[in-house]
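S.K.: Pasted the sequence and its predicted model underneath.
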4 protein chains.
Amino acid sequence: MIKVGIIGASGYTGGELLRFLKNHPEIDIVAATSRQFKGESIHKVHPHLRDFEMKFEDIKPDEIDADLVFTATPHGASMKIVPELVKNGMKVIDLSGDYRFDNIGTYEKWYGYKHSHPLNAVYGLPEINRELIKDADLVANPGCYPTGAILACLPIVSENIVDTIVIDSKSGVSGAGVKPSESSHYPNCSDSISPYAVTTHRHGPEIMEKLSKFGSARVSFTPHLVPVIRGIMTTVHSFITEDVSPEYVRELYSEFYAEEPFVRVLDQGEVPRLSSVRGSNFCHIGCFDIDDNGRLVVASSIDNLVKGASGQAVHNMNLMFGFKETESIDMVGLHP
Amino acid sequence: MIKVGIIGASGYTGGELLRFLKNHPEIDIVAATSRQFKGESIHKVHPHLRDFEMKFEDIKPDEIDADLVFTATPHGASMKIVPELVKNGMKVIDLSGDYRFDNIGTYEKWYGYKHSHPLNAVYGLPEINRELIKDADLVANPGCYPTGAILACLPIVSENIVDTIVIDSKSGVSGAGVKPSESSHYPNCSDSISPYAVTTHRHGPEIMEKLSKFGSARVSFTPHLVPVIRGIMTTVHSFITEDVSPEYVRELYSEFYAEEPFVRVLDQGEVPRLSSVRGSNFCHIGCFDIDDNGRLVVASSIDNLVKGASGQAVHNMNLMFGFKETESIDMVGLHP
Amino acid sequence: MIKVGIIGASGYTGGELLRFLKNHPEIDIVAATSRQFKGESIHKVHPHLRDFEMKFEDIKPDEIDADLVFTATPHGASMKIVPELVKNGMKVIDLSGDYRFDNIGTYEKWYGYKHSHPLNAVYGLPEINRELIKDADLVANPGCYPTGAILACLPIVSENIVDTIVIDSKSGVSGAGVKPSESSHYPNCSDSISPYAVTTHRHGPEIMEKLSKFGSARVSFTPHLVPVIRGIMTTVHSFITEDVSPEYVRELYSEFYAEEPFVRVLDQGEVPRLSSVRGSNFCHIGCFDIDDNGRLVVASSIDNLVKGASGQAVHNMNLMFGFKETESIDMVGLHP
Amino acid sequence: MIKVGIIGASGYTGGELLRFLKNHPEIDIVAATSRQFKGESIHKVHPHLRDFEMKFEDIKPDEIDADLVFTATPHGASMKIVPELVKNGMKVIDLSGDYRFDNIGTYEKWYGYKHSHPLNAVYGLPEINRELIKDADLVANPGCYPTGAILACLPIVSENIVDTIVIDSKSGVSGAGVKPSESSHYPNCSDSISPYAVTTHRHGPEIMEKLSKFGSARVSFTPHLVPVIRGIMTTVHSFITEDVSPEYVRELYSEFYAEEPFVRVLDQGEVPRLSSVRGSNFCHIGCFDIDDNGRLVVASSIDNLVKGASGQAVHNMNLMFGFKETESIDMVGLHP
């Protein structure tokens, strides 16, 4: 039984952490912080999460006494909190972008400000860093787009059978967070689609840095906002450099992810869909078709709030503390 | 450990049964039947339900050897199957309308054909029939609209403080089942709303028969189709016959459902929403406002496929076999 | 050719006014004001409205020189602008709630503040006030819910064949305006439904005041937010006091609205749907079913931004200036 | 005044033709055929299209007496009807795929059957074939995906500044037609996204054949189904072969389409969105961003049923008969 705190528990990722941790047999939630909702019941903010006796607290990081802290805080805010938590002997899983980059210069270029507290962190994608995560004190939980994109690209990049990769991603609106904005305003985004940050999204360099460790393909990324609550569909268009067949590629992925508890490689004839993973920590990968131009298409689907955020964070926690790896995050998707 | 069969496992309610039963520690699924998908993997039909070793089978009712059978079959089909299962010593939970009515004449009038195999069944709404369900051999699982409507009306009907009740319900499209039709065709039903079966829906007499055992209010019912996948919002407009306050009514509901594991009475200032119960077996009830005409408004939200169908069926199973009442159906809603 | 100004042109109703007026052969738009977007092109705010040469201006009401001004300003703001416009000899169509009530006390009770500039205005529902509108200097454009509700109730109230009316309305999210909020945040309102302002919505007393001139039925009103961009479905449940048939009621409506250019009474077997009137100035009315409790159900559908706001405003303008009544607002709905 | 017939008027494209032609001052609709709905009122099928006196007829092609016939018939059916119409001296605009290909072998390969009645037809994309269309007797109306894709690619292909093009398209569900199917079933496709026909969609070779006349870039195409009623967002990822800037590319497009009545090149900072063109015949093109890999992103939005089908067909009619080019199809989009 470990003590767990959640800093920034009133957002969507905070709500998802509470959903997964509620019945986790090995943990005890000792704090859920929110400045804005201090003193409020959890269900006033998360209407589905009733029966919590605890309320939101507004406590300082140095007042938290826990074995593990999830920092579900905005970019730029985490770097001001995490170092103290680590110094005080707590393990930390940070859900912001602050500790995801190995190259601090890349971070500063794309996030637009100085990184005040660089620390060594393990990039928390279990499929590539499982062993490192087990021993980490600080895990940087991956971005939502990078999770879906890296998992869809990893086998072909590692195998070096493609050179050029175009990642066309489509995200649900919850990816923009709990705060209302013009782009999340229902009449604006429902029954519509738009590309955004077409060549400038921060998750692009994150994807590139991580994939560059496995191969040399050049990678381009463009996200879209689609009228969906949860989920990211990542369509990877890549150009093959060797004469491989769809069957070969499917088999490559199947073997690559054979032991992974949360990745499923689809059969021929199946396509990934968001509903298959809605609310779940699974990533589905499929298609593997190749056209006459030598373009290979691989598509993956995840729930951006789960495998793309809080579910993966709990997965990391399970690894860090030696719990059953799938504990409390093994529910299947909600289809329909 | 009991043996469980599901007849008609390829529809949405079949999929939900499989979702809940997958990890139930006390049961072993011995058969999931589908004539159409005989021999297919489960995930070919239910793309979120992977890792099942079993396949759909097309077996006859008399070939099933189980302790309990769920019949997720259409109205009119169940009555041809259930009697033999019961005769062969199996317990049955029927999800169709065939055994819901005490008055066989009402059934025949509204369903439009003769009931060929009348049997005694317990109406499987645990909130009114918990003890009877525990001893039942045949449970008639309630309709989706009736579940939300009866729970929203029961306290005021039982207390006899209203005379006239208008139930205006709004259902998600999954309520129409897995089979495509004009009314479920996305371009027709998205971004739109329509009333349907305005005074003639079969769930109307089901609601009336059940409520009539608790009080004498006259009850009217009209359903609407709304662009939502799952969920039923039931708005109950009733006219009070005694001078009661909103606080009194809220307290009445709170006490009435105090011990119920799946009903939550909302605080003042909260409203029921479908997302609060999406994918879950909970029913949220709130509002309790009264206007100058003495009209009291109570609203309830459920997931039509869970509390309105398969979740409630598993709840009934847990009661019938003495399992922990909330086993495998205690997940919270998926908000957002 | 008349000169027309729009005060508050950057909201949804402002955008719709521009859409309808763009090609109106009798008018010249001389000003479209917006404090926030002063100097911006129209299409920066209304991305569908390109090819306008004019830009948003931030001009004072007393600087406007027009024959007619639409005030698409918030409640409370209109009353500070309209009197000066009227004094300066301009005709005004006000889209706020400020001049809708005959009883100023009702206004002040429900809007929560003093009315600083009471003026005589004609309630701009052409179906009841056509002749008065033609001669009016100030028209108070009706609320969106009242438009759909009054049209659905008027024949039975006028005929005095019902006593108790429950109006259960369902509105699309654009009704809440252009400004993002928690309730219009896509992840919160998509795939969900909620009642709101259950017995306290300001449109309730507006409906009651207008209907009370035609009959004595007691009227109750509850609105819901549904995941739809545009449209209001109004379901009217009323209790008949005379032994009338559905056919009689349908005929009553057909005759009542026989000459109306924008009201269509549906045939038996048809139901109103939002898509039938999407983007159009039409109101469809149908159902007319009666149940065993003597409850009559009538449902109407409108587009809240058109017949419920700007289309009706242009209709009023056409009447006030003797233009062809349907000019520039006679497009049909956008189904699918 | 010309006489116009519509063969296959009960589908979505038939409904849109009726919507546009209803008020067209130069035409008289003499027939709207439907085998299934013979004798029915138009509004029984198209609930928004009321006040038509004509009814659906089931007449043979050789019984039609018209100056122009729109064949809104399925692939494979048009080729059996069109030749006779042409022989009888009527002009024809065919909305199927039957006459779109110059290379009959390509057609037969991708559509899977012999073409029984090859005829010379003009490909009806006014932006490339305006003058030919004016003189054509048979116009093959372009596919929906090809319309959005060709318009987004044409300037860079013609200018030969890119070599490799990946077209990632996202279509609303109305593109699949009026007939319900599993993929258009609301619970399956709402709140989800899926790629489909990943490298095998028939519109791929149509795009390639048409673009190949303007340049030599190799072109790949993948479509997706998104939860939207109408609209296609086409994201074109291309790799530049010359050192051009975003400003250069935007200017290239602006000049290319300067005289086009239905194409709008967006300003910097704007992105195409489906709502901007919903219900309209416009195509919006924007983005023009270039990343460090030399990947250029251009995106276009159209309404698949209008610019992607019936609006474009009416545009072609206006050209063929010398009417005002934008007559009856110049309405703007319906945002929100």
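M.R.: Alright, I've got the coordinates. Please read all numbers here as calculations on a predicted model, not as lab measurements.

S.K.: Show residues contacting stretch A:63-81.
M.R.: With Cβ atoms under 8 Å, 6 or more residues apart in numbering or on different chains as the test, stretch A:63-81 has contacts from A:2-9, A:11, A:13-14, A:17, A:27, A:30-31, A:61, A:82, A:85, A:90-99, A:111, A:113, A:115-117, A:310, A:313, A:317, A:320-321. (Glycine included, C-beta is placed from N, CA and C.)

S.K.: Just the CA trace of it, in CSV.
M.R.: Extracted in CSV, the C-alpha atoms of stretch A:63-81 (Å, rounded to 0.1, in the frame of the first residue of the first chain):
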residue,chain,number,x,y,z
GLU,A,63,3.2,19.8,2.2
ILE,A,64,2.5,16.6,0.4
ASP,A,65,3.6,13.4,2.1
ALA,A,66,3.4,10.6,-0.5
ASP,A,67,5.3,7.8,-2.0
LEU,A,68,4.3,8.9,-5.5
VAL,A,69,3.0,12.1,-6.9
PHE,A,70,1.2,12.6,-10.2
THR,A,71,1.7,16.1,-11.5
ALA,A,72,-1.2,16.8,-13.9
THR,A,73,-0.1,20.4,-14.2
PRO,A,74,0.3,22.6,-17.3
HIS,A,75,3.6,22.9,-19.2
GLY,A,76,5.8,25.3,-17.4
ALA,A,77,4.1,24.7,-14.1
SER,A,78,5.5,21.2,-13.6
MET,A,79,9.1,22.3,-13.7
LYS,A,80,8.4,24.5,-10.7
ILE,A,81,7.0,21.7,-8.6
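
S.K.: hey, which helix is longest across chain A?
M.R.: Taking DSSP state H as the criterion, chain A has its longest helix at helix A:144-158.

S.K.: need the contact list for whatever residue of the stretch 51-200 of chain A ends up closest to chain D.
M.R.: Distances between the stretch 51-200 of chain A and chain D by Cβ to the nearest Cβ are smallest at A:Pro187, namely 3.5 Å. A:Pro187 makes contacts with C:Tyr12, C:Gly172, C:Val173, C:Ser174, C:Val178, C:Ser184, C:Ile229, C:Arg230, D:Pro336, as judged by Cβ under 8 Å, 6+ apart.

S.K.: Next one: it relative to chain B, how far apart?
M.R.: According to Cβ to the nearest Cβ, to the nearest Å, A:Pro187 and chain B sit 11 Å apart.

S.K.: Just to be sure, that residue is in a strand?
M.R.: No. Going by DSSP: H, G, I helix; E, B strand; the rest coil, the assignment for A:Pro187 is helix, not a strand.

S.K.: Not counting sequence-adjacent ones, nearest residue to it?
M.R.: The shortest distance from A:Pro187 to any non-neighbouring residue, by Cβ to Cβ, 6 or more residues apart in numbering or on different chains, is to D:Pro336 (3.5 Å).

S.K.: from what I can see that neighbour touches C:Gly172, true?
M.R.: No. Counting by Cβ atoms under 8 Å, D:Pro336 does not reach C:Gly172; the two are 9.1 Å apart.

S.K.: Overlap in contacts, the two.
M.R.: When Cβ under 8 Å, 6+ apart defines a contact, the residues bordering D:Pro336 and C:Gly172 alike are A:Pro187, C:Ile229, C:Arg230.

S.K.: before we move on, the earlier item: report all helices and strands that whichever helix or strand comes after the longest helix of chain A contacts.
M.R.: Using DSSP states H and E, the helix or strand that follows helix A:144-158 in sequence is strand A:162-171. With contacts taken as 3 or more Cβ pairs under 8 Å, 6 or more residues apart in numbering or on different chains; DSSP states H and E, strand A:162-171 sits against helix A:144-158, strand A:218-225, strand A:232-240, strand D:162-171, strand D:232-240.

S.K.: That's all I had, so thanks and see you.
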